[in-house]
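Novice: Provide a 3D model corresponding to the input given below.
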Amino acid sequence: MALRLLAALVAAFFLAGCASKAPVPGPSSREPATLRPYTIKGVTYVPLRSAKGYREEGIASWYGPGFHGKRTSNGEVYDQYQLTCAHKLLPMQTKVRVTNLENGRSMTLRVNDRGPFVAGRIIDLSQAGARELGVHARGTARVRVEVEGDAPGAGPGGELPGPFYVQVGAFALRGNAERLFARLQAAGYAGSRIQTREIDGALLHLVHAGTFPTSAVADEARFRLGERFTGAFIIAQ
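Specialist: This is a model prediction of the structure:
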């Protein structure tokens with residue numbers, strides 16, 4: 001996992017460096033990317049703005065090896081060993097209690113991805129979640145999904161409080177990080193910062209655009225900055 005993370009950070013370094021003369025996207029009030037309608041296989045889905053009171057029953061499936069280490073819909077790196085899930089409509093970061101109606105097992109998972117897009121299925125569990133709920137061996141099971149609040153610490157509309165940042169670059173040379181940092185500040189991201197971390201034995205200078213008061217605002221910034229910096233993702237303070 002550490003090697004994958006290092007590879008992603010190094011890739012971000014090269015992507016940021018290759019187009020250093022292009023302008024940095026400025027702040028915008030556009031709607032968060034994960035709340036916008038989207039179309040898959042000819043079907044258009046309209047994500048919910050609040051998860052409060054949501055409840056449904058249907059077929060759960062799970063996903064793992066083919067997606068492990070790739071980006072989820074909210075910009076995280078998918079880790080099949082964490083207790084997460086994918087849902088077509090619920091807001092990102094929503095916590096849901098999933099109960100396997102075939103064996104009575106129940107547990108809480110966090111929504112961080114979109115799916116499943118197979119007819120008749122209502123939720124995709126991580127491999128870890130599928131094992132805990134007894135779904136892994138069979139592949140599918142009938143479940144009940146119930147939201148536990150909007151999201152941890154969420155305010156009106158289900159938004160998480162911040163501050164949040166969007167990581168847009170990782171550099172071996174401090175000078176490169178400082179140049180990108182200056183460009184972010186000039187573009188209106190006054191709360192941007194540089195953090196130095198040792199990752200798998202390599203010292204990297206991470207550039208974070210910010211700050212953003214809620215997860216929804218950060219997700220919008222990630223979408224906008226991702227058009228310029230491939231692989232941009234959200235981090236909490």
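Novice: Which strand residues bridge Glu198?
Specialist: Leu203 (DSSP bridges).
Novice: measure it to Leu204 for me?
Specialist: 8 Å (Cβ to Cβ, to the nearest Å). For the C-beta atoms, the positions are set from N, CA and C on the backbone; glycine is no exception.
Novice: Please apply the same query to Arg55.
Specialist: 44 Å.
Novice: need the strands for the protein, in chain order.
Specialist: Counting by DSSP state E, the chain has strands at residues 38-40, 43-45, 55-63, 84-86, 95-100, 106-113, 121-126, 141-147, 161-171, 193-199, 202-214, 233-236.
Novice: Please enumerate residues in contact with the first one?
Specialist: Surrounding strand 38-40, the residues in contact under the criterion Cβ atoms under 8 Å, 6 or more residues apart in numbering are Thr44, Tyr45, Pro47, Arg114, Phe117.
Novice: Next, format the strands of the chain as JSON lines and append mean neighbour count.
Specialist: Listed next are the strands of the chain as JSON lines, based on neighbours: other Cβ atoms under 10 Å:
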{"stretch": "strand 38-40", "mean neighbour count": "11"}
{"stretch": "strand 43-45", "mean neighbour count": "11"}
{"stretch": "strand 55-63", "mean neighbour count": "18"}
{"stretch": "strand 84-86", "mean neighbour count": "24"}
{"stretch": "strand 95-100", "mean neighbour count": "20"}
{"stretch": "strand 106-113", "mean neighbour count": "20"}
{"stretch": "strand 121-126", "mean neighbour count": "23"}
{"stretch": "strand 141-147", "mean neighbour count": "20"}
{"stretch": "strand 161-171", "mean neighbour count": "23"}
{"stretch": "strand 193-199", "mean neighbour count": "13"}
{"stretch": "strand 202-214", "mean neighbour count": "20"}
{"stretch": "strand 233-236", "mean neighbour count": "17"}
